[in-house]
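# Just need the structure, nothing else, for what follows:
(4 chains)
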Protein chains: 2
Amino acid sequence: MSSAPETPAVVTRRLGYLLKHAQLRLAELQEPLLAPHGVTGRQVAVLALLADGEPQSQQEAAARLGVDRTTMVQLVDELEDKALVRRQVDPADRRRRIVTPTEEGLRVLTAATEASEEAERRLLGPLGGREADGLREALWAVVHQR
Amino acid sequence: MSSAPETPAVVTRRLGYLLKHAQLRLAELQEPLLAPHGVTGRQVAVLALLADGEPQSQQEAAARLGVDRTTMVQLVDELEDKALVRRQVDPADRRRRIVTPTEEGLRVLTAATEASEEAERRLLGPLGGREADGLREALWAVVHQR
DNA sequence: TATTGTTATACTCTATAACTATA
DNA sequence: TATAGTTATAGAGTATAACAATA
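I've put the predicted structure just below:
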């Protein structure tokens, strides 16, 4: 789906439209920058999550990312196929699989994170520093409200 | 997919994550408010687009919304099945179908737009008026950059 | 030949239900 | 009985390719 219309309509002031197309635009910018590292934006997100803090089981990671456990199975499958993470049975509870990044996974994460941040900078290009910070803060407040 | 994790991780500061989850949150809020009107958020968006400005062919509408023409066929099918829009062959170019809202379509659009705006207000609840405006403006700038 | 709308098809992302193993 | 991971499957949303009608 293309991310911006040629002739803006009233619809394009709606928040749903703006959020969707901002996401599409970001994906367009990220894709070519991440491709050389052999990962997608979603894979980078999962990798970052797994590298952040204590080693986690799949369900813990799923809860933190806000996805279903069956989705996490597939996300971890993808990363494991690329040898970027390892699954290990938790000795304390043999039902659980602790998922940790490999050394290669950490290397890819570092490089891909830079690429990802470059894409964010390009997306936020038309905004000033204060506006860009404001956008991120406003989204954070909206997403984490309860 | 659930829209917010119990334990925020570093990933949740990434723009991709924030945009996706803001959208999910908005969809959650909209769904129950729109359901009584018998339309989805996407259908309201298309209806609003078709009611806005000159009568449009499917391809014009698709371009303005930023979707493929085959996607527009299905969107218009949905609205036509509910008798909210009408397809009419363009006498000036018989390949084109002009799509216009019916009276019922306009009534539903009015009601659903109010519901949709209420959902936006709830999403933006944690923000002050200035921050909410800033968010919308920042997203607009980012989406319409060239 | 080119364009509009359409259909058939496929791909991505996600979830639900049911299974296995472990607790 | 309950939980972690898994598999099979299905649904939503989207696109590409090929076709019919029309230009």
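# switch to C-alpha atoms for all contacts and neighbour counts from now on
Noted.
# quick one: stretch A:45-61 near DNA strand D?
Yes: judged by CA under 7 Å from any atom of the strand, stretch A:45-61 comes into contact with DNA strand D at A:57-60.
# residues near the residue lying closest to A:Thr12 once chain neighbours are set aside, how many?
Residue nearest to A:Thr12 in three dimensions, not counting chain neighbours: A:Leu18, with 6.4 Å by CA to CA, 6 or more residues apart in numbering or on different chains. For A:Leu18, the neighbour count with other CA atoms under 10 Å in any protein chain shown is 26.
# do A:Thr100 as well
So A:Thr100, with other CA under 10 Å, has 24 neighbours.
# Report the beta-bridge partners for it.
Beta-bridge pairing for A:Thr100 (DSSP bridges): A:Arg86.
# which residues in chain A form strands?
All strands of chain A, identified by DSSP state E, fall at A:56-57, A:85-89, A:97-101.
# Which other helices and strands does the first one contact?
Contacting strand A:56-57 under the criterion 3 or more CA pairs under 8 Å, 6 or more residues apart in numbering or on different chains; DSSP states H and E are the following elements: strand A:97-101.
# if we can go back for a sec, could you work out which of the strands of chain A reaches nearest to B:Leu24?
strand A:56-57 (24.5 Å; CA to CA).
# ok, residues contacting stretch A:83-93?
A:47, A:76, A:79-80, A:95-106, A:108 (CA atoms under 8 Å, 6 or more residues apart in numbering or on different chains).
# domains of chain A?
Domain segmentation of chain A under automatic domain parsing yields A:1-37, A:39-117.
# Reformat those domains as a markdown table; add distance to B:Asp68.
Formatted as a markdown table, the domains of chain A follow (distance: least, CA to CA, whole Å):
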| stretch | distance to B:Asp68 |
| --- | --- |
| domain A:1-37 | 6 |
| domain A:39-117 | 23 |
